[in-house]
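A.B. asks: need coordinates for the following:
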Amino acid sequence: MTDNDAILAANLEFYRAFSARDLAAMNGLWAQRAPVACLHPGWTALKERNAIMESWQGILSNPDAPRIACFDEQVFLYGDAALVLCEEELDGGTLAASNLFIREDDEWRIVHHHAGQIVRRHAERRRPARLN
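C.D. replies: Residues are numbered from 1 along each chain as shown. Prediction:
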């Protein structure tokens, strides 16, 4: 398996754990030794592993938590670090997300997750008028 394939598999497992409400799998995906951070939509930054896992416990145990699907994944590989940019489809709309992975103990582990609302797609942005 190539690094790209392994990173995409780890990213897919992140969204599978989210959708399945699998806290044990979510816990296993996050780095154990490297610094971690997480920005859930509308939250302030979480910067400690315990706080991040407590947040996931609350989200995954909530029966009203939204179902989520990931699409349009793109991998940017930087040696033993990789960024995955994707979009998250939820009942209430679409979020832009970034997931940063590092190689830890020969596994790709997540060290940063950030998701935020897409207000307007880039192609839909109004271009400034030309000055002649």
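
A.B. asks: could you pull up phi and psi at C70?
C.D. replies: phi -110, psi 140 (degrees, to the nearest 10).

A.B. asks: which stretches of this structure have low pLDDT?
C.D. replies: 120-132 (pLDDT under 70).

A.B. asks: look through this structure and tell me its longest helix.
C.D. replies: helix 3-20 (DSSP state H).

A.B. asks: so what touches the following helix or strand past that helix?
C.D. replies: Using DSSP states H and E, the next helix or strand after helix 3-20 towards the C-terminus is helix 23-29. Residues outside helix 23-29 that contact it (Cβ atoms under 8 Å, 6 or more residues apart in numbering): 10, 13-14, 16-18, 53, 56-57, 60-61, 109-110. (C-beta placed from N, C-alpha, C; glycine too.)

A.B. asks: starting at the chain centroid, how far to the longest helix of the chain?
C.D. replies: 10 Å (Cα atoms, centre = their mean, to the nearest Å).

A.B. asks: and that helix, what does it pack onto?
C.D. replies: helix 23-29, strand 68-78, strand 81-90, strand 93-104, strand 107-117 (3 or more Cβ pairs under 8 Å, 6 or more residues apart in numbering; DSSP states H and E).

A.B. asks: one step back: PyMOL command for the buried members of the contacts of helix 23-29?
C.D. replies: Only the buried entries of the contacts of helix 23-29 go into this PyMOL selection, using 16 or more other Cβ atoms under 10 Å:
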select buried, resi 10+13+14+17+18+53+56+60+109+110
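
A.B. asks: with distance to A24 added, can I get the contacts of helix 23-29 in a markdown table?
C.D. replies: Listed next are the contacts of helix 23-29 as a markdown table, based on distance: Cβ to Cβ, whole Å:
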| residue | distance to A24 |
| --- | --- |
| A10 | 16 |
| E13 | 12 |
| F14 | 13 |
| R16 | 12 |
| A17 | 8 |
| F18 | 13 |
| M53 | 11 |
| W56 | 11 |
| Q57 | 11 |
| L60 | 10 |
| S61 | 13 |
| R109 | 15 |
| I110 | 15 |
